[in-house]
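> Coordinates for the following, if possible.
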Amino acid sequence: MRSASGDSDALRPWQLIRQDRHGNRYRVGSYATRAEALHLAERLGERGEGYVVERCDRLIDTLEPTDDVRR
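Predicted coordinates:
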């Protein structure tokens with residue numbers, strides 16, 4: 001997910017987040033494109049867990065949601 005140099009977020013700004021029913025959030029992975037992240041969210045969502053795809057900008061300290069994929 002993250003390279004030793006710490007530049008992976010610049011190359012892979014789309015984050016796939018798993019959110020459980022208690023509101024706990026876990027980053028599953030970082031992806032170069034929104035399409036990649038959405039594809040995996042759909043595949044993993046078949047298991048009944050909730051997944052959110054967000055874009056992470058390095059200029060902002062917090063993750064700002066841009067698109068939700070919840071099942």
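> drop to CA atoms for contacts and neighbour counts, all remaining ones
Fine.
> Quick check: phi and psi on residue 51?
Main-chain dihedrals, residue 51, degrees, to the nearest 10: phi -130, psi 140.
> Specify the local secondary structure of residue 39.
Of the three states, residue 39 takes helix under DSSP: H, G, I helix; E, B strand; the rest coil.
> Contacts only, for it.
Counting by CA atoms under 8 Å, 6 or more residues apart in numbering, residue 39 touches no other residue.
> Check the gap between it and residue 53 for me.
Computed as CA to CA, to the nearest Å, the residue 39 to residue 53 distance reads 10 Å.
> Give me the common contacts of these two.
With CA under 8 Å, 6+ apart, residue 39 and residue 53 have no common neighbours.
> any weak-confidence spans in this structure?
1-10, 48, 58-71 (pLDDT under 70).
> just the strands in it please.
All strands of the chain, identified by DSSP state E, fall at 14-19, 25-31, 50-55, 64-69.
> how about those, which one is nearest residue 43?
For the strands of the chain, proximity to residue 43 was assessed by CA to CA; strand 50-55 is nearest, at 10.1 Å.
> Run the angle between the closest one and strand 14-19 for me.
150 degrees (axes from the mean of the first three to the mean of the last three CA atoms, to 10 degrees).
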